[in-house]
Each structure stands twice: as C-alpha cells, then as structure tokens.
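Asks: quick one, structure for this:
(chains A, B, C and D)
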2 protein chains.
Amino acid sequence: MSQVTRRRTGPSKGDLREAAILEAARALFSERPYEAVTIDDLASGAGISRTSFYFYFPTKTAVLTALMTNVGHDLAAGHVWFDADGPARDLLRTQLETSATLWRANAGILSCAATAMATSEQLRDFVGRIRQRYDERAAEKIRRDQAGGSATTTIPAHRLAEMISAIRDARYEQLAGATDAELREAVDDLTEAIHRLVYGRA
Amino acid sequence: MSQVTRRRTGPSKGDLREAAILEAARALFSERPYEAVTIDDLASGAGISRTSFYFYFPTKTAVLTALMTNVGHDLAAGHVWFDADGPARDLLRTQLETSATLWRANAGILSCAATAMATSEQLRDFVGRIRQRYDERAAEKIRRDQAGGSATTTIPAHRLAEMISAIRDARYEQLAGATDAELREAVDDLTEAIHRLVYGRA
DNA sequence: TACGCTATCGACACAGTGTCGATTTTTGTC
DNA sequence: GACAAAAATCGACACTGTGTCGATAGCGTA
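Replies: Alright, predicted model coming up:
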C-alpha cells in the first residue's frame, strides 16, 4: 500500500515516435520497392519532419535492419528438423512450412531487405549473420547424419547447407501473394529436393 | 584495279567513343562495386565530358547491359549437357566447368550486374530473359529424361531447372578470385548435387 | 523557477542524375 | 577545298535525395 513503487513511467514521447517510424516503415516497405521509399516518406509517415528522423535512426537501412531483427528472430524459432536424427521427413516439412508462411507474411520487407543488401554493408552483415547461423545449424545436423550413415558424404556438409539455403531462398522469393496451395506445393518440392541432396544417391 | 569497291569507311569517331566507354566500364566495374562508379567516372574514363556520355548511353545500367550482352552470349555457348540423353555426367561436368571459368573471368561485372538488378528494371528483364532461356533448355532436357525413365518425376522439370540455377548461381558468386582447385571443387560439388536432384531417389 | 535533457525543425551544403540549347567537329559530296 | 548536313561536345541549369548544424521549444526534476 504505502509501497513506494516508482510508478512505471510510460513510454517516453521518443519511444512512441520510434515505434511510429517502424510502423510506417513496415507499411511502406510492404507496398513499395526499397528505393521508392524515401526518408521523407518514413518521417512524415510517422508525423515528424525529415530532419527529426535522424534523431531516431542514422539511415534508412537502419530502420530496415530493425524490422529484420524481429523477422529474423521469428524465423530462428521452429527449427525442429535440426534437432532430429536421420531424415525425419515430417519434421523437415514442418520446418519448411513454418518458415515459408512467415516469409510470405513478410514478403515485402524481405524483398526490400534483399534490395538494400546490395548497397548497405550494415544490412548485408546483419542478414549474413542470420543466414550463417542457419547454415551452421543445418551443417551440424547433416554432419551428424553423415556420421550415423544415413546421409551421403560425397558433398561436404557445409556445402549442402549452403545449397539448401540457396534453393529455399530462390523459391521463397516467388512466394509473395501466393495461395496456400502454392505455398504447400513449394514446401513439397523443397522437402523432396533437400532429401535428395542430403540422403539420396546419384 | 579500277574496281569501284566502295571503300569501307572505318569506324566513325562515335563508334570509337562508344567502345572507349565500354572499355572504361569493364575496367571500373571490375574493380569497384556498382554504386561506386558514377557516370562521370565512365565519361572521363573514356575521355569525354559527363554530358557527352548521354549521347551514347541513356543510363549507367545501359552500359552494364551492353557489357552483359557479351558475357551472356559466351555463357550460352558450351551447353553440351542439354543436348545429351540421360545423366551424361561427364558432359554436365564439362558444361559447369566452362560456365564457372567464364563466371570467374567476369566476376566483377557479374557482381555489379547483380547489384544493379535491384534498381534497374531494364537490367532485371535482360538478365531474367537470359536465365529463363537457360532454365527452359534445362527443363526440356530433364523432361526428356523423365520420359525416358532415367530422371525422377516427383518434382516438376521446370522446378528442378530453377533449383539448378539457384545452387549454381549461389556457388559461382563465391568464385571471384578463386584458385583453379577451388573452381574444380565447386564444379565437382555442383555436378554431384545436380545429379542427385535430377536422377537420385530420396 | 531554473537547469539540463529530450526532441524538433529550418537553413544549408553536397553529390549524382538528367535536360536543353548553343556550339564545334566530322563526314560525305560536289 | 568548299559546303551543308549530320554527328558529337559541352556548359549552364534544374531536380532529387541525403546528411549536418545550430537555434529553439517542451519536459521532468531538484
């Protein structure tokens, strides 16, 4: 009662602005290509002047990086296949379905990120790290299966992991606005392809 | 002697300038990232003023597209695997080796093109067409083998073709400045992977 | 109330792209 | 070699987007 609970000060005005910028960015990057969004758009979308924008973020790509943090975090969850032993086809399928759905839901932002990576070293490094972490986990799983005898050893595990990322990303990029059926089809193809790459013999 | 052979007028001054721009572009795009090359660089590299550049090319990407035309043409040759029947592992390997070597030799330009595709619709379409043609030829070959029974049918031929392009491009992108041994390693991995994708069972 | 921190913005500088119109150079022809 | 048309050149200008600086306004707290 007489508790001196320091009343939790709500989010400051600045925090709200920052959130507003991120929200505006999410909307804008979802509907337009990266270069078509100017800093002015982001600022006025958040109700501030262009110059004020710089108080919150140093560059346009910094905003995009912030958005990607969330997406990257969500993607990192649901990696059920990596923890399984052997082919575990069902788990692979589940994992792909999760990531494909997430990808489709954020298609605009991810496509903007792909564009911006060409220019921004910051974003390139950021996405590179996410991807590298993924590839490493995949490589470990494959290495275990190679040791266990279920996976073939002709191609090094880390190369297989890279190939998986390559075909996955390429297919996911076509996923913007896809129907559920198309998404399932993509997941089916990828499941089969990954299985052939890792466990199949030529 | 008295032959009235209309003497072939040599290349006009303009032709020479255009060639000079392309030469300067090849050099610049080979050593710097795309955005780091300005139109001014290209112009003064060819010994003319920036404004004069516009007399020859409408944009920076138009120059890059012109350069890509040659590379694309060279790449289109040497597609020996497509014409063979069945796995034809040796021919596949040869084809990959040819394209990998060509890629490495033009790594700078190709990497600039990849960057510029993000912004320029012209270049995106241009490269898209090259790639599409490649994918179609690959899909045809695979379809023949599926009909003949050597290739599996679980994944549609055109999807397999896309996957092949995806893993090839991803691996080739790491090829800038690679040694011959590294290049051969990449070709080996790709040969095996493509074989597994097309002819292997999971 | 007054001090310092947070936040805002207008004015400015800059780099790169692209256009226009005036001028010079080249080219083929008589 | 002179001449006109075509080819080529370039300076001046306008525009867009980015980023900096410093002056000012609000806000919380001692």
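Asks: C-alpha only now, for contacts and for neighbours.
Replies: Will do.
Asks: near DNA strand D, which residues of chain A show up?
Replies: Contact residues, chain A versus DNA strand D (Cα under 7 Å from any atom of the strand): A:37-40, A:51, A:54, A:58-60.
Asks: what subset of those residues is buried?
Replies: Burial by neighbour count, 16 or more other Cα atoms under 10 Å in any protein chain shown: within the residues of chain A next to DNA strand D this picks out A:37, A:39-40, A:60.
Asks: and those, which is closest to B:L123?
Replies: Of all these, the one with the least separation from B:L123 (Cα to Cα) is A:V37, at 20.7 Å.
Asks: picking up where we left off before, the residues of chain A next to DNA strand D: which ones sit near DNA strand C?
Replies: Within these, those near DNA strand C by Cα under 7 Å from any atom of the strand are A:T51.
Asks: ok, so of the residues of chain A next to DNA strand D, who is nearest chain B?
Replies: A:V37 (12.6 Å; Cα to the nearest Cα).
Asks: residues contacting that closest one?
Replies: A:28-29 (Cα atoms under 8 Å, 6 or more residues apart in numbering or on different chains).
Asks: how many neighbouring residues does the residue nearest to A:D145 when sequence neighbours are not counted have?
Replies: Distances taken as Cα to Cα, 6 or more residues apart in numbering or on different chains put A:A151 closest to A:D145, at 5.2 Å, once the chain neighbours are dropped. Neighbour count of A:A151, defined by other Cα atoms under 10 Å in any protein chain shown: 24.
Asks: okay, the buried ones among the residues of chain A next to DNA strand D in CSV with secondary structure and pLDDT next?
Replies: Output for those, formatted as CSV (DSSP: H, G, I helix; E, B strand; the rest coil; pLDDT from 0 to 100):
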residue, secondary structure, pLDDT
A:V37, coil, 98
A:I39, helix, 98
A:D40, helix, 98
A:K60, helix, 97
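Asks: quick one: which two of these are the most distant?
Replies: Checking those with Cα to Cα, the most distant pair is A:D40 and A:K60, at 10.0 Å.
Asks: list the residues that contact the spatially closest residue to A:D83 that is not a sequence neighbour.
Replies: Spatial nearest neighbour of A:D83, excluding adjacent residues (Cα to Cα, 6+ apart): A:K141 at 7.2 Å. A:K141 makes contact with A:82-85 under the criterion Cα under 8 Å, 6+ apart.
Asks: ok, A:S52 next?
Replies: A:A43.
Asks: run the chain-centre distance for the host helix or strand of it.
Replies: Assigned by DSSP states H and E, A:S52 belongs to helix A:50-56. Relative to the centre of its chain, helix A:50-56 is centred 27 Å away, using Cα atoms, centre = their mean, to the nearest Å.
Asks: cool, stretch A:100-113 as well?
Replies: Mean-position distance between stretch A:100-113 and its chain equals 7 Å (Cα atoms, centre = their mean).
Asks: what residue is smack in the middle of chain A?
Replies: In chain A, the residue lying closest to the centroid (Cα atoms, centre = their mean) is A:G72, at 4.1 Å.
Asks: can you tell me the closest non-neighbouring residue to it?
Replies: Closest to A:G72 by Cα to Cα, 6+ apart is A:I130, at 6.9 Å.
Asks: now chain A, which segments are flagged as low pLDDT?
Replies: A:1-14, A:202 (pLDDT under 70).
Asks: what are the ranges of the helices in it?
Replies: Using DSSP state H, the helices of chain A run over residues A:13-31, A:39-45, A:50-56, A:60-76, A:80-83, A:89-105, A:107-117, A:121-148, A:157-172, A:180-199.
Asks: so the residue nearest to A:D145 is in contact with A:A139, correct?
Replies: No - when contacts are counted by Cα atoms under 8 Å, A:A151 is not listed as touching A:A139 (11.5 Å).
Asks: contact residues of chain A facing chain B?
Replies: A:35, A:115, A:118-119, A:154-155, A:159, A:163, A:166-167, A:170, A:189, A:192-193, A:195-197, A:199-202 (Cα under 8 Å from any Cα of the partner chain).
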